[in-house]
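got a structure for you, letters missing:
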């Protein structure tokens, strides 16, 4: 088991710790089969919006509204809008970050495992373990992805096969978890020989100053770079912008890069 850490920061440019670090939720990572059994509802839907607020007790919570298109488990209805409440977010000039917490963004299509909040709404079962986002792999196949801060298996799942597995578990049918995507492999043929004139290391080098830049999930870092590469066409603003877009557009990268300056 791992102990979750809750960190609270002010919203100044240089984030300053204003409170003590509190020890938070402790839980064992669940298998997919256990996750199906633990959830009170399992739904497919699109995130309408996600808004943070401060509660009467001073805690920050984020309420995300999901417009349901399918209900795999639970007494919810298609086209219903349900509100999922999670601790953490930004409100009142403060940021509360829950390591491993489930975070939703407007426009995402998600498969969510939900638990009841004592009859007063919903939360994500087992935090980030219970939130999957739909996407496509390089083959064009629909997959489900989740980010669990290293707490559980983050391999992409084939959407149809994973949904079928969920249905089998709910109905009590014997089913093996045969839904993990096969890794993509590179191959060389006579028509498509291997390239031997790839970009040198200088084409990828960033001037980040002394040491390495380490960015945890959900954090932001500023990197200053110089256009001093040695490959024609690579050392240009447009090339850097294209590279940033490639990282941001890859659903498996977990990286979002904004270009400025």
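Sure thing, it's come through. In this text, all values refer to a predicted model and were calculated from it rather than measured experimentally.

hey, let's count contacts and neighbours off CA atoms from now on
Will do.

Show me where the stretch 1-150 of the chain has its strands.
2-10, 22-27, 41-54, 60-73, 81-87, 89-91, 94-98, 109-116, 122-124, 131-136, 142-145 (DSSP state E, counting those that start in this stretch).

now those as a markdown table including distance to residue 160?
Below are those laid out as a markdown table (distance: least, C-alpha to C-alpha, whole Å):
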| stretch | distance to residue 160 |
| --- | --- |
| strand 2-10 | 32 |
| strand 22-27 | 28 |
| strand 41-54 | 12 |
| strand 60-73 | 13 |
| strand 81-87 | 23 |
| strand 89-91 | 32 |
| strand 94-98 | 31 |
| strand 109-116 | 12 |
| strand 122-124 | 21 |
| strand 131-136 | 11 |
| strand 142-145 | 8 |
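
Relative to residue 168, which of these is closest?
strand 60-73 (10.8 Å; C-alpha to C-alpha).

Give me the buried positions along that closest one.
60-68, 70-73 (16 or more other C-alpha atoms under 10 Å).

Same question for stretch 95-108.
95, 96, 97, 98, 99, 100, 101, 102, 103, 104, 108.

Over to stretch 105-124?
108, 109, 110, 111, 112, 113, 114, 115, 122, 123, 124.

For the last one, give the beta-bridge partners.
Following DSSP bridges, residue 124 is listed with bridge partners residue 114.

Could you check how far residue 100 is from residue 114?
According to C-alpha to C-alpha, to the nearest Å, residue 100 stands 16 Å off from residue 114.

Same check on residue 177?
Where residue 114 is concerned, residue 177 sits at a distance of 21 Å (C-alpha to C-alpha).

next one: residue 89
For residue 89 relative to residue 114 (C-alpha to C-alpha), the value is 19 Å.

same question, residue 48
Between residue 48 and residue 114 the computed distance is 17 Å (C-alpha to C-alpha).

just residue 172 next, same as before
From residue 172 to residue 114 the distance is 20 Å (C-alpha to C-alpha).

And for residue 136?
Residue 136 is 24 Å from residue 114, by C-alpha to C-alpha.

same check, this time on residue 72
For residue 72 relative to residue 114 (C-alpha to C-alpha), the value is 11 Å.
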